[in-house]
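Fold the following for me, if possible:
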Amino acid sequence: MAKKSPVSRPTKKTENEILFASSQAAKGWRDLVATRRNAMTDARDFLTRTPTAVTPANDRLRGELATVSYHGTTYDRWQHKPSLRDGARIWFFVDGQTVLLEDVHTAHPNETK
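Reported below is the predicted structural model:
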């Protein structure tokens, strides 16, 4: 019998793929999954299905933070709140059907206070 290993959730053709755009995003995601697993599962589902829907938990950032440059291309920067009860934030941008996680904050980021 083969060694046990996790089975990754495949995305449907209508869903977006989620990638880390930075090592900080990967670390922040891992830290939030460790402390807020259910909220992060819901966040992942939201980001794969409707990342640019404007909701109380998801909106474009404004002002100086409204855009991000990645590999020479400028994108709209979005912010997702895994929970409305705490300050954790996921900053991301969308390129076609790919959601790139730029930064994952375990607490409210100082830039938006």
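
count of residues packed around residue 79?
19 (other CB atoms under 10 Å). Just so you know, the C-beta spots here come from the backbone N, C-alpha and C atoms, and that holds for glycine as well.

so it touches residue 56, yeah?
No - between residue 79 and residue 56 there is no contact under CB atoms under 8 Å: 11.7 Å.

where along the chain do the helices fall?
23-35, 37-49 (DSSP state H).

For residue 67, which non-adjacent residue is spatially closest?
Nearest residue to residue 67, sequence neighbours excluded (CB to CB, 6 or more residues apart in numbering): residue 74, at 5.1 Å.

cool, and residue 58?
residue 80 (4.8 Å).

what's the spacing between that neighbour and residue 14?
Per CB to CB, to the nearest Å, residue 80 is found 19 Å from residue 14.

Below-threshold pLDDT in this protein: ranges please.
1-2, 113 (pLDDT under 70).

Run through the strands of it in chain order.
Assigned by DSSP state E, the strands in the chain fall at 17-20, 58-60, 67-70, 73-76, 78-80, 89-95, 98-105.

who's more crowded, residue 80 and residue 14?
Higher neighbour count among residue 80 and residue 14: residue 80, with 20 against 8, using other CB under 10 Å.
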